[in-house]
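K.L.:
From the sequence below, what's the structure:
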Amino acid sequence: MSMNVVDSSFWIEYFANTEAGATVSGIAENINELVVPTITVYEVFKKLLFEEGEYSAKYAITRMKQGNVIHLDCMLSKSAAEKSIDHKLSMADSIIYATTLEYNCVLWTQDKHFAGLPSVNYIEKKK
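P.N.:
Presented below is the predicted three-dimensional model:
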(Lines give C-alpha, C1' and ligand atoms only; values in the text may rest on other atoms or scores of the structure.)
Protein backbone atom coordinates (compact mmCIF):
# COMPACT_ATOMS: atom_id res chain seq x y z
CA MET A 1 0.00 0.00 0.00
CA SER A 2 1.37 3.41 -0.98
CA MET A 3 0.66 6.24 1.45
CA ASN A 4 0.25 9.78 0.16
CA VAL A 5 0.55 13.36 1.39
CA VAL A 6 -1.32 16.08 -0.49
CA ASP A 7 0.41 19.45 -0.26
CA SER A 8 -1.64 22.47 0.78
CA SER A 9 -1.52 23.92 -2.75
CA PHE A 10 -3.22 20.82 -4.15
CA TRP A 11 -5.77 20.74 -1.31
CA ILE A 12 -6.79 24.30 -2.23
CA GLU A 13 -7.16 23.24 -5.88
CA TYR A 14 -9.10 20.15 -4.82
CA PHE A 15 -11.61 22.14 -2.78
CA ALA A 16 -11.97 24.67 -5.61
CA ASN A 17 -12.82 21.82 -8.03
CA THR A 18 -10.17 22.92 -10.51
CA GLU A 19 -8.48 20.82 -13.17
CA ALA A 20 -5.37 20.67 -10.95
CA GLY A 21 -7.55 19.55 -8.05
CA ALA A 22 -8.93 16.73 -10.18
CA THR A 23 -5.35 15.47 -10.57
CA VAL A 24 -5.26 14.56 -6.88
CA SER A 25 -8.93 13.83 -6.24
CA GLY A 26 -8.44 10.06 -6.18
CA ILE A 27 -5.53 10.47 -3.78
CA ALA A 28 -7.33 12.93 -1.51
CA GLU A 29 -10.42 10.72 -1.42
CA ASN A 30 -8.55 7.49 -0.62
CA ILE A 31 -8.52 8.15 3.13
CA ASN A 32 -6.98 4.77 4.00
CA GLU A 33 -3.77 5.80 2.21
CA LEU A 34 -3.89 9.52 3.07
CA VAL A 35 -1.50 11.12 5.56
CA VAL A 36 -2.38 14.67 6.62
CA PRO A 37 0.27 16.77 8.38
CA THR A 38 -1.43 19.20 10.77
CA ILE A 39 0.44 22.10 9.14
CA THR A 40 -1.54 21.47 5.93
CA VAL A 41 -4.76 21.73 7.94
CA TYR A 42 -3.55 25.11 9.23
CA GLU A 43 -2.57 26.39 5.77
CA VAL A 44 -5.76 25.26 4.05
CA PHE A 45 -8.06 26.46 6.83
CA LYS A 46 -6.37 29.88 6.94
CA LYS A 47 -6.54 30.42 3.17
CA LEU A 48 -10.14 29.26 2.84
CA LEU A 49 -11.25 31.19 5.91
CA PHE A 50 -9.76 34.37 4.44
CA GLU A 51 -10.90 33.85 0.84
CA GLU A 52 -14.11 31.80 1.08
CA GLY A 53 -15.40 32.13 4.63
CA GLU A 54 -15.93 29.98 7.68
CA TYR A 55 -18.25 27.40 6.13
CA SER A 56 -15.79 26.48 3.35
CA ALA A 57 -12.87 26.42 5.76
CA LYS A 58 -14.66 24.15 8.24
CA TYR A 59 -15.87 21.86 5.46
CA ALA A 60 -12.29 21.49 4.21
CA ILE A 61 -10.79 20.52 7.54
CA THR A 62 -13.65 18.14 8.28
CA ARG A 63 -12.82 16.42 4.99
CA MET A 64 -9.04 16.47 5.60
CA LYS A 65 -9.43 14.98 9.09
CA GLN A 66 -10.79 11.80 7.53
CA GLY A 67 -7.22 10.90 6.58
CA ASN A 68 -4.47 9.86 9.00
CA VAL A 69 -3.70 13.17 10.73
CA ILE A 70 -0.09 13.43 11.88
CA HIS A 71 0.67 15.80 14.73
CA LEU A 72 3.99 17.59 15.03
CA ASP A 73 6.08 16.11 17.85
CA CYS A 74 9.71 16.63 18.94
CA MET A 75 11.22 13.99 16.63
CA LEU A 76 9.30 15.22 13.59
CA SER A 77 10.27 18.81 14.47
CA LYS A 78 13.94 17.82 14.56
CA SER A 79 13.66 16.04 11.23
CA ALA A 80 11.83 19.03 9.70
CA ALA A 81 14.56 21.42 10.86
CA GLU A 82 17.17 19.20 9.20
CA LYS A 83 15.14 19.04 5.98
CA SER A 84 14.74 22.81 6.05
CA ILE A 85 18.51 23.30 6.12
CA ASP A 86 19.33 20.47 3.71
CA HIS A 87 16.80 21.50 1.06
CA LYS A 88 16.27 25.22 1.79
CA LEU A 89 12.60 24.70 2.63
CA SER A 90 10.33 26.99 4.65
CA MET A 91 9.14 25.83 8.06
CA ALA A 92 5.76 24.61 6.78
CA ASP A 93 7.24 22.89 3.74
CA SER A 94 9.95 21.21 5.78
CA ILE A 95 7.31 19.82 8.17
CA ILE A 96 5.28 18.52 5.23
CA TYR A 97 8.37 16.96 3.67
CA ALA A 98 9.64 15.44 6.93
CA THR A 99 6.19 13.91 7.48
CA THR A 100 6.26 12.51 3.95
CA LEU A 101 9.57 10.79 4.56
CA GLU A 102 8.85 9.65 8.13
CA TYR A 103 5.66 7.87 7.07
CA ASN A 104 7.05 6.51 3.77
CA CYS A 105 4.65 8.53 1.65
CA VAL A 106 4.63 10.18 -1.73
CA LEU A 107 4.13 13.95 -1.62
CA TRP A 108 1.84 15.37 -4.30
CA THR A 109 2.66 19.01 -4.94
CA GLN A 110 2.70 21.87 -7.43
CA ASP A 111 5.37 23.77 -5.52
CA LYS A 112 8.62 24.06 -7.52
CA HIS A 113 10.91 23.98 -4.49
CA PHE A 114 9.97 20.30 -3.99
CA ALA A 115 10.84 19.36 -7.59
CA GLY A 116 13.52 16.68 -7.79
CA LEU A 117 13.36 15.66 -4.12
CA PRO A 118 12.98 11.97 -3.29
CA SER A 119 9.41 10.76 -2.60
CA VAL A 120 7.89 13.77 -4.37
CA ASN A 121 5.46 13.73 -7.27
CA TYR A 122 5.82 17.29 -8.56
CA ILE A 123 3.25 18.38 -11.13
CA GLU A 124 3.98 21.78 -12.61
CA LYS A 125 1.27 24.34 -12.00
CA LYS A 126 -0.47 25.42 -15.18
CA LYS A 127 -0.57 29.13 -15.77
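K.L.:
pull the helix or strand with minimum mean pLDDT from this protein.
P.N.:
Ranked by mean pLDDT, DSSP states H and E, the weakest helix or strand in the chain is helix 19-23, scoring a mean of 93.
K.L.:
residue ranges for the helices of this protein, please.
P.N.:
Taking DSSP state H to define them, one finds helices in the chain at 8-15, 19-23, 25-29, 38-51, 54-64, 74-87, 91-102.
K.L.:
Throw these into a markdown table and include distance to Val120 and mean neighbour count, thanks.
P.N.:
Where you see a C-beta, it was placed from the backbone N, CA and C, and this is true even at glycine. What follows is the helices of the chain, written out as a markdown table (distance: least, Cβ to Cβ, whole Å; neighbours: other Cβ atoms under 10 Å):
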| stretch | distance to Val120 | mean neighbour count |
| --- | --- | --- |
| helix 8-15 | 12 | 23 |
| helix 19-23 | 14 | 14 |
| helix 25-29 | 13 | 15 |
| helix 38-51 | 15 | 18 |
| helix 54-64 | 20 | 15 |
| helix 74-87 | 10 | 14 |
| helix 91-102 | 7 | 22 |
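K.L.:
Mind checking these for the one nearest to Ile123?
P.N.:
Nearest to Ile123, of all the helices of the chain, is helix 19-23, at 6.1 Å by Cβ to Cβ.
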